[in-house]
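K.L.:
The sequence and its predicted three-dimensional model are supplied below.
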Amino acid sequence: MPTALVTGPTAGIGTAFARRLARDGYQLVLVARDAGRLAQLARELGGAEVIVADLAVPEQRRAVVERLQDGSRPVDLLVNNAGVGGQGEFWSTPFDRLHQQLELNVTAVVELTHAALPGMRARGAGAVINVASVAGLTPGRGSTYTASKAYVIALSEGLANGLSGTGVRVQALCPGFTHTEFHARAGIDMAWAPEALWLEADFVVDESLRDLQRDVIVSIPSVRYKALVTASRLVPRSVTRFFAARLGGRSRN
């Protein structure tokens, strides 16, 4: 029975991944900082290994790294889903908050992926799904979130290129607006966004796993978001910067 390790599984896309992978027959290792919600999800799924850790804290990542490096209990699929959204405007946000975001959105992804890949390469099989965002494919507007997701996309593409032919796959999952707790937790007012732009978490996960089987490296769920990304690449960069500066959720912080 294959094993999947999912970070941030207690809400949204992470929960959808956990439920879908459980249905697909994976043994699950669930990683989050909320012990109560982890235990509840594990019970719902009929049992799972849980690791309570705040992945923004380097010392707490250690247990997850060691689990990924445990050759006696190999992890076949790593889903780096944990992340945090906008922390306010760059120039008015305390640096420690910006640093915490980068620790979770970037450094944790790099460290866990680095821990998982050697074993996967040795076995000639395995996959890593890094949950990024369609925001990482377009200019941002004053926060480090877009930059963090752009890094994850570039990292994933580079790793996928380097691992070609090894049996190990890496995907950057780039959803658009998705019905989760994400924006509320980040203090972002999304009342402006039309319903037509919103996706469901289960749909995002289904598309990601379908694309993984097709060796699609950058997965963009839904035709409308694929069209938006394509259009943004066809117009001058100055135009996309103009719209990015005037549209999008604004932090309430």
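P.N.:
Looks like it came in fine. Fair warning: this is a prediction, and the values are worked out from it, not measured in the lab.
K.L.:
I'd like the mean pLDDT over the strand or helix carrying Asn161, please.
P.N.:
For Asn161, the element it lies in under DSSP states H and E is helix 145-162. Mean per-residue pLDDT for helix 145-162: 96.
K.L.:
just checking, what packs against the following helix or strand past it?
P.N.:
Next along the chain after helix 145-162, taking DSSP H and E as the criterion, comes strand 168-173. Helices and strands touching strand 168-173, by 3 or more CB pairs under 8 Å, 6 or more residues apart in numbering; DSSP states H and E, are helix 108-123, strand 126-131, helix 145-162, helix 201-213, strand 218-219. For glycine as for every other residue, the C-beta is placed from the backbone atoms N, C-alpha and C.
K.L.:
Quick one: residues in contact with strand 168-173.
P.N.:
Residues from elsewhere that reach strand 168-173 (CB atoms under 8 Å, 6 or more residues apart in numbering): 113, 117, 120-121, 124-132, 136, 152-153, 156-157, 159-160, 163, 204, 208, 211-212, 215-219, 221.
K.L.:
how does it look with 7 Å?
P.N.:
Strand 168-173 is contacted by residues 117, 120-121, 125-132, 152-153, 156-157, 159-160, 163, 208, 211-212, 215-219 when judged by CB atoms under 7 Å, 6 or more residues apart in numbering.
K.L.:
Return the alpha-carbon coordinates of it using PDB.
P.N.:
Provided in PDB are the C-alpha atoms of strand 168-173 (Å, rounded to 0.1, in the frame of the first residue of the first chain):
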ATOM      1  CA  VAL A 168      10.100  10.600 -10.100                       C
ATOM      2  CA  ARG A 169       7.700  13.400 -10.900                       C
ATOM      3  CA  VAL A 170       7.300  16.900  -9.500                       C
ATOM      4  CA  GLN A 171       4.300  19.100 -10.100                       C
ATOM      5  CA  ALA A 172       3.400  22.700  -9.300                       C
ATOM      6  CA  LEU A 173      -0.300  22.900  -8.600                       C
END
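K.L.:
The closest residue to Pro74 other than its chain neighbours: neighbour count?
P.N.:
Of all residues not flanking Pro74 in the chain, Gly119 sits nearest, at 5.8 Å (CB to CB, 6 or more residues apart in numbering). Other residues lying near Gly119 total 17 when counted by other CB atoms under 10 Å.
K.L.:
Distance of Gly119 relative to Gly158?
P.N.:
According to CB to CB, to the nearest Å, Gly119 and Gly158 sit 20 Å apart.
K.L.:
repeat for Val6
P.N.:
From Val6 to Gly158 the distance is 23 Å (CB to CB).
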